[in-house]
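**Q** mind folding the following:
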Amino acid sequence: MFCSENNEMQSFDVIIVGGGASGCVIANRLSEDTDRRVLLVEAGADTPPDKVPLDVLDSYPGRAYLNPSYTWPDLNGYLRPVPHNSPERPPLARYEQARILGGGSSINGQVAARGFPADYDDWAELGANGWRWKDVLPYFRKLERDLDFNGPDHGQDGPIPIRRIFRNEWDGLTRAAAGAFEHLGFVYRKDMNAMFDEGFFPAPFTNENGQRVSTAIGYLGANQRRRKNLSIRCNSQVKRIVFEHRVAVGIELELAGGLSETIRGRHIFVTAGAIHTPALLQRSGVGPALLLKEFGIPVVANRAGVGHGLQDHAAVSISAFLQRKDRFDERTRRHIHMHLRYSSNVEGGSPLDMVINTASRSAWHPLGQQIGSFQLFVGKPFSRGSVKILSGDWRTAPEVRFELLSDRRDHLRLMEAMRLMALALQEEPLKSVALDPFPSSYSSKVRRIGALKVSNQLLTAAAAFLLEGPTPLRRALLRYLVAPGAGLAELVSNEDALSRFVSEGATPTWHACSTCRMGSSDDINAVTDSSGKVYGIEGLSIGDASLMPAITRGNTVLPTIMIAEKISEEWRCSFKYG
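**A** Next comes the predicted model:
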């Protein structure tokens, strides 16, 4: 069924709260049993077959990601640690969290990285039994239809196509970066999802025939929507989960005109993402008891771990001016072709814990078309933050503390990554392609210029015109207008300046996870068991990135889809109605 504001069915066997990357998967899999009535509720808009917006379909994600219609309007976060004994707080930064069917898979960069086998073995060591690499690989294979590789490591029949653009088709910047990396001793490897070695790889992405395939597209196509037992309700926000004693029995929705509607369900799956899942649980009475009592919320289950342990990959960037021949390739419509993985060797760290992405386009506008960038991020961070409600009112956004670089080892690794990339930029052929490199970050200024406005189109077009002028003019504009402050060479040669830049410039990479993690029953910070069932509650499960005991090394959308596949199958096999 297509999204509707009105739904006559008031009782379902399963209600799924959140139609993001995982919610669409679970809705598909649980509705395969035609005797099971399933409702999927999404706060954002639908992307129905044959009516998917063009910016969502585009292989280049720069416009979809910044379209305010597709993200939560009032979600911000503290990027740096918040001092406990100081009235001063660091500035809040906008956090673009998807609010559209398909969630992040509808607006993200489409990168399909599995992470490392050791990531999942670590999950098991942290109490998530049954989540080792050997346990999750079948679900990675189940979700994918790999268009480049087959064999025991890859799936051929899944809903999500995965392809790559190989080295012979890379744009000029990426080819030059590959040459520089080779000069530094790194090796080219073809399959990032089956070869877990140091080196640089073609980036796998969820795309076919030049178009994005989100989970809304791959899992909720026309055939699935014709199922009479599946209802999809979009533009509908859940205020709270309804409990009777310690049993989840339904959800309360906000309707037009301030009215509410309660829909009953025999089992509730929360798949609202690592920010909104813990916030919804807390508003509903599941979370740290002291926090709930502060806002007069009756405590249904005292779970200290709800909202605890937030992780994201901290990143900084280096950008450079590109000549026309080396820029973004309109033919492929891909700005990221390659990932470099390497080991920082930080004390206590994991192997292959660092990632560098090469992007031949830094933004949607004319200036962004001239500027390429290298995103450097900590693939296996130690730092953790939190999510907590600021009010019992569902309309109030939660407080999000990322606490990026709160662990000194993450800070040191980004500093070292800056030095490594500065070395690569001195190697030919990259030195002749990435001109006048400068340190960069996703600052408030960059955000303002990146907003999808006609005024920004005109402003950046004027700047781009001037940058095409003589070299001295270009360098002056880059130094004093585009990227004021210390240049790259000056920065990496000054320890204090480099440390300050990393501290102030680090941003998350929109890979939030681990706020309702799986774990053993005796772990005070574990929220669910290994099947996603919330401890101390009947009829309530979680099925999204919140469950990750720790972040994976790489983009998190593919592991999130895998989680949904595995949780769905285990639930179907174990759950029996009375």
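**Q** residue contacts, the residue nearest the centre of the chain?
**A** Nearest to the geometric centre of the chain sits residue 511, at 3.2 Å (Cα atoms, centre = their mean). Neighbour list for residue 511: 311-313, 551, 555-556 [criterion: Cβ atoms under 8 Å, 6 or more residues apart in numbering]. Where you see a C-beta, it was placed from the backbone N, CA and C, and this is true even at glycine.
**Q** neighbours of the nearest residue to residue 551 once chain neighbours are set aside, just the number please.
**A** Distances taken as Cβ to Cβ, 6 or more residues apart in numbering put residue 311 closest to residue 551, at 4.2 Å, once the chain neighbours are dropped. Counted with other Cβ atoms under 10 Å, the neighbours of residue 311 add up to 29.
**Q** partners of residue 311 in the sheet?
**A** Counting by DSSP bridges, residue 311 is bridged to residue 513.
**Q** any idea how far residue 380 is from it?
**A** 10 Å (Cβ to Cβ, to the nearest Å).
**Q** show me the helices in the stretch 451-578 of the chain, by range?
**A** 454-467, 471-477, 488-492, 495-505, 557-574 (DSSP state H, counting those that start in this stretch).
**Q** state the pLDDT value of the residue lying closest to residue 93 once chain neighbours are set aside.
**A** Once flanking residues are discounted, residue 93 sits nearest to residue 79: 5.3 Å by Cβ to Cβ, 6+ apart. With respect to pLDDT, residue 79 scores 93.
**Q** what do you get for residue 6?
**A** pLDDT recorded at residue 6 is 44.
**Q** also the one 10 residues further on?
**A** Looking at residue 16, its pLDDT stands at 98.
**Q** that one sits in which helix or strand?
**A** Under the criterion of DSSP states H and E, residue 16 resides in strand 11-17.
**Q** for that strand, list the C-alpha coordinates in CSV.
**A** What follows is strand 11-17, C-alpha atoms only, in CSV (Å, rounded to 0.1, in the frame of the first residue of the first chain):
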residue,chain,number,x,y,z
SER,A,11,-4.5,-2.9,15.1
PHE,A,12,-1.5,-4.7,13.7
ASP,A,13,0.7,-7.7,14.5
VAL,A,14,3.9,-5.6,14.0
ILE,A,15,4.4,-1.9,14.1
ILE,A,16,7.7,-0.5,12.8
VAL,A,17,8.6,3.0,14.0
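**Q** tell me the strands beside that strand, with direction?
**A** strand 38-41 (parallel), strand 260-270 (parallel).
**Q** deepest of those, which one?
**A** Across the strands paired with strand 11-17, averaging neighbours per residue (mean count of other Cβ atoms under 10 Å) puts strand 38-41 on top, at a mean of 26.
**Q** average pLDDT for that one, rounded please.
**A** 98.
**Q** from the chain's centroid, how far away is it?
**A** Centroid separation for strand 38-41 versus its chain: 23 Å, with Cα atoms, centre = their mean, to the nearest Å.
**Q** name the next helix or strand downstream of it, please.
**A** The helix or strand immediately downstream of strand 38-41 is helix 54-57, counting by DSSP H and E.
**Q** can you pull out the low-pLDDT segments for this protein?
**A** By pLDDT under 70, the low-scoring segments of the chain are 1-9, 86, 576-578.
**Q** ok, now with 80
**A** Scanning the chain for pLDDT under 80 picks out 1-9, 82-90, 256-258, 485-486, 574-578.
**Q** for stretch 143-155, buried residues please.
**A** The neighbour-count check on stretch 143-155 (16 or more other Cβ atoms under 10 Å) flags 143-147, 149, 154-155 as buried.
**Q** buried ones in the strand holding residue 16?
**A** Neighbour-count burial for strand 11-17 [16+ other Cβ under 10 Å]: 12-17.
**Q** which among those gets closest to residue 533?
**A** Of all these, residue 533 sits closest to residue 14, with 13.4 Å by Cβ to Cβ.
**Q** what segments of the stretch 251-400 of the chain are helices?
**A** 273-284, 289-294, 366-370.
**Q** domain assignment for the chain?
**A** Under the assignment automatic domain parsing, the domains of the chain span 11-68+96-156+211-307+513-574, 166-202+315-380+407-505.
**Q** now the helices of the stretch 251-400 of the chain in JSON lines, with distance to residue 30 and mean neighbour count?
**A** Below are these laid out as JSON lines (distance: least, Cβ to Cβ, whole Å; neighbours: other Cβ atoms under 10 Å):
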{"stretch": "helix 273-284", "distance to residue 30": "18", "mean neighbour count": "27"}
{"stretch": "helix 289-294", "distance to residue 30": "30", "mean neighbour count": "15"}
{"stretch": "helix 366-370", "distance to residue 30": "41", "mean neighbour count": "22"}
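**Q** to residue 237, which of the ones you listed lies closest?
**A** Across the helices of the stretch 251-400 of the chain, closest to residue 237 is helix 273-284 (Cβ to Cβ), at 9.7 Å.
**Q** and the closest one, what other elements does it pack with?
**A** strand 238-244, strand 260-270, strand 385-388 (3 or more Cβ pairs under 8 Å, 6 or more residues apart in numbering; DSSP states H and E).
**Q** could you dump these into a markdown table and include distance to residue 405?
**A** Output for these, formatted as a markdown table (distance: least, Cβ to Cβ, whole Å):
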| stretch | distance to residue 405 |
| --- | --- |
| strand 238-244 | 34 |
| strand 260-270 | 30 |
| strand 385-388 | 11 |
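**Q** just read off the phi/psi values of the spatially closest residue to residue 519 that is not a sequence neighbour.
**A** Leaving aside its chain neighbours, residue 519 sits nearest to residue 526 (2.7 Å; criterion: Cβ to Cβ, 6+ apart). With angles defined as degrees, to the nearest 10, residue 526 sits at phi -80, psi 140.
**Q** ok, residue 526 to residue 312 distance?
**A** Taken as Cβ to Cβ, the span from residue 526 to residue 312 is 20 Å.
**Q** of those two, who's got more company?
**A** A count of neighbours by other Cβ under 10 Å puts residue 312 above the other of residue 526 and residue 312, at 29 against 24.
**Q** gap between the more buried one and residue 119?
**A** Residue 312 sits 15 Å away from residue 119, going by Cβ to Cβ.
**Q** ok, back up a step: I figured the residue nearest to residue 519 was touching residue 517, is that so?
**A** Yes: using Cβ atoms under 8 Å, residue 526 is in contact with residue 517, at 6.2 Å.
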